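Novice: How does the following fold in three dimensions:
(4 chains)
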Protein chains: 2
Amino acid sequence: MKLSTKGRYGLRAVLDLAVQTEDEVIALSQIAERQGISMNYLEQLIAKLKKAGIVNSIRGAQGGYSLALPANQISVGDILRALEGDLAPVDCSEINNSDSACSNADLCVTKYVWKRISDSINDAVDGIMLSELVEVSRKVQAEAGTSDTNRSKQICGQ
Amino acid sequence: MKLSTKGRYGLRAVLDLAVQTEDEVIALSQIAERQGISMNYLEQLIAKLKKAGIVNSIRGAQGGYSLALPANQISVGDILRALEGDLAPVDCSEINNSDSACSNADLCVTKYVWKRISDSINDAVDGIMLSELVEVSRKVQAEAGTSDTNRSKQICGQ
DNA sequence: TTAATAACCAAGTGAATTAATAGGAATTAA
DNA sequence: TTAATTCCTATTAATTCACTTGGTTATTAA
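Specialist: Predicted coordinates:
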């Protein structure tokens, strides 16, 4: 019941992008270095984010990535679902869509449990907008100053 | 972000036990057969449930398992945490307890996201008591009758 | 035009985790 | 004493994860 590094790294990467971005694009190598994530691995994650319409890219020299939408129109749920896929606790089509692929639907009691977990997770992550994290992040960085020791702490394994 | 078979099988096993039990104990082999789960594997799961004080056991011939508490005093959260461990979306001690093992605590912005997801999951599962599932299960079984085709449907992969 | 930069893409790999399987020891009722 | 049952540990097969490798394509600046 854990998020993979896809979700954890990916959210940090988007947040980094959101904090840094001022119109221009940011090279992935910068994000990778700041966040201490392998550049090649991060490529795979950002590909998912691009596919989901969360980031835009510009190719070639001086290229990079930017948010595809204002930060207040991107939810943590959008980001995590793009990276992790469906956030439901089990793979059961009944939980998410209405077409009954699960033949045991009527008799599957635990389904209601998974549905409630699923709904609560999605409600939680959809209720947090990226802009909110950007604000918190800016506030925290302002308080912490810009000394090297503090800056290094901004790289958090989770 | 998926539950393992531990949580899925284990919850079904406890529910089975709760539905079947009338004072006496139930042999694990019966639960395993009804639920279509390997007996040996189920042993490992029920050991966790016993350790967590959710079920009691009686050894020897005619022995078996029973609920250690009334079904309305056992939450789905108790069961899932016993089987899966902590239900938080990341392994970060900061999320659960108050002693600050995570040195990046102050600067870890995504921590607040994990905390909110964690809380929402735990609230959801702690709000569902086993007795509620037993009721739904009995109702569904009454509606479905006891024909062989319907009974087989009660075994649901999820 | 060329070199550098940076996004894009697909396949492979090693480690870790999961999901069992296997086999036996201890306990108890009949 | 025997069959049934829980209890315990170790091993293994399969799967998933977390990268790594090795490119290609597009764009810009010199």
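
Novice: What strand or helix carries A:Asn40?
Specialist: Assigned by DSSP states H and E, A:Asn40 belongs to helix A:39-51.

Novice: for the helix or strand just after that helix, which positions count as buried?
Specialist: Per DSSP H and E, the first helix or strand lying C-terminal to helix A:39-51 is strand A:55-58. Buried residues in strand A:55-58, counted by 16 or more other Cβ atoms under 10 Å in any protein chain shown: A:Val55. C-betas here are computed from N, CA, C, even on glycine.

Novice: and what of stretch A:52-67?
Specialist: In stretch A:52-67, counting by 16+ other Cβ under 10 Å, buried: A:Ile54, A:Val55, A:Gly64, A:Tyr65, A:Ser66, A:Leu67.

Novice: coming back round to it: which elements pack onto the helix holding A:Asn40?
Specialist: helix A:5-20, helix A:28-35, strand A:55-58, helix A:76-84 (3 or more Cβ pairs under 8 Å, 6 or more residues apart in numbering or on different chains; DSSP states H and E).

Novice: Out of these, flag the one nearest DNA strand D.
Specialist: Closest approach to DNA strand D among those (Cβ to the nearest atom of the strand): helix A:5-20, 4.0 Å.

Novice: Would you mind getting the angle between that closest one and helix A:28-35?
Specialist: Interaxial angle, helix A:5-20 versus helix A:28-35 (axes from the mean of the first three to the mean of the last three Cα atoms, to 10 degrees): 100 degrees.

Novice: What are the contacting residues of helix A:5-20?
Specialist: Helix A:5-20 is contacted from outside by A:26, A:30-31, A:34-35, A:37, A:41-42, A:45-46, A:48-49, A:54-55, A:65-67, A:71, A:74, A:76, A:79-80, A:82-84, A:130-131, A:133-134, A:137-138, A:156, A:158, B:1, B:89-90, B:109-110, B:113, using Cβ atoms under 8 Å, 6 or more residues apart in numbering or on different chains.

Novice: so does that helix get close to DNA strand C?
Specialist: No - counting by Cβ under 7 Å from any atom of the strand, DNA strand C has no neighbours in helix A:5-20; the shortest distance is 10.1 Å.

Novice: about what we covered before: if I take the helix holding A:Asn40 and helix A:5-20, what angle do their directions form?
Specialist: Relative orientation of helix A:39-51 and helix A:5-20, computed by the same axes, to 10 degrees: 80 degrees.

Novice: quick one: is helix A:39-51 near DNA strand D?
Specialist: Yes - among the residues of helix A:39-51, A:Asn40, A:Tyr41, A:Gln44 lie within reach of DNA strand D under Cβ under 7 Å from any atom of the strand.

Novice: returning to that earlier point: reformat the buried residues of stretch A:52-67 as JSON lines; add pLDDT.
Specialist: JSON lines is the format used below for the buried residues of stretch A:52-67 (pLDDT from 0 to 100):
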{"residue": "A:Ile54", "pLDDT": "98"}
{"residue": "A:Val55", "pLDDT": "98"}
{"residue": "A:Gly64", "pLDDT": "98"}
{"residue": "A:Tyr65", "pLDDT": "98"}
{"residue": "A:Ser66", "pLDDT": "98"}
{"residue": "A:Leu67", "pLDDT": "98"}
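
Novice: which of these sit farthest apart?
Specialist: Within the buried residues of stretch A:52-67, A:Ile54 and A:Gly64 form the most distant pair, 14.8 Å apart (Cβ to Cβ).

Novice: Give the helix, strand or coil label for whichever residue of chain A sits closest to DNA strand D.
Specialist: Distances between chain A and DNA strand D by Cβ to the nearest atom of the strand are smallest at A:Gly60, namely 2.0 Å. At A:Gly60 the chain is in coil, as set by DSSP: H, G, I helix; E, B strand; the rest coil.
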